[in-house]
Each structure stands twice: as C-alpha cells, then as structure tokens.
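J.: Quick check, what structure comes out for this input:
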Amino acid sequence: CNRLFSGFAPEAGAVNFEKEYGKPLPEHFFRDQIKNSEQLFRDKLEALNGATVRTLHAAGRQQVVASGSPRARVDVCLE
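T.: Numbers count the residues shown, from 1 in each chain. Here you go, the predicted structure:
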C-alpha cells in the first residue's frame, strides 16, 4: 500500500488508491491517519542520525528540516 502514497501528494495518493481498489479512500483518511500515527511515532520512532544532529546543535550550527509531511507530524519526529 505504501507504493500508492509514498512520494505523492495526498490528492495523487487518493487517485492511486481509487485506481488500484476501485473505490475512494474513506472520508478524512489522511487527517485520521496522521492523527492516529502521532503517538506511534512518539513511542517507536528511532533517531537515525541523532548523534550528528546533536553534535551540530552543540556546535551552534543552524539546521533545516524539509518534509512533505504535515507540520504536526514533522514536529513529533523532531521531539
């Protein structure tokens, strides 16, 4: 299912889903999916490059985060 959504805008993912399964996504699918994943991210997400980020922060280096995810999800990932 990830192949239908990963790398696509939500609208394109919805079109991909409908083409694949012949019916639209449930109403509020993306909103609910994001809301329901926040605690899972808090509980299970592991930093892949946390040491590098902390070292750069300690050295006073500015850092930028870019993502196609909604801001609330990015904020959870940066906690």
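
J.: quick one, phi psi at K23?
T.: Torsion angles at K23 (phi, psi; degrees, to the nearest 10) stand at phi -150, psi 160.

J.: same thing with Q62?
T.: Torsion angles, degrees, to the nearest 10, at Q62: phi -80, psi 150.

J.: Tally up the residues packed near it, please.
T.: 6 (other CB atoms under 10 Å). From N, CA and C alone the C-beta is placed, and that goes for glycine too.

J.: starting at the chain centroid, how far to stretch 64-73?
T.: 7 Å (CA atoms, centre = their mean, to the nearest Å).

J.: Just want the most central residue of the chain.
T.: S69 (4.4 Å; CA atoms, centre = their mean).

J.: mind listing what that residue touches?
T.: Contacts here follow CB atoms under 8 Å, 6 or more residues apart in numbering; on that basis S69 touches 34, 77.

J.: go with 10 Å
T.: 34, 37, 75-77 (CB atoms under 10 Å, 6 or more residues apart in numbering).

J.: What separation do you get for the residue of the chain most remote from its centre and L48?
T.: The centre of the chain is farthest from one residue, A59, which by CA atoms, centre = their mean lies 27.9 Å away. Between A59 and L48 the computed distance is 20 Å (CB to CB, to the nearest Å).

J.: same thing with H28?
T.: 30 Å.

J.: Understood, closing this out.
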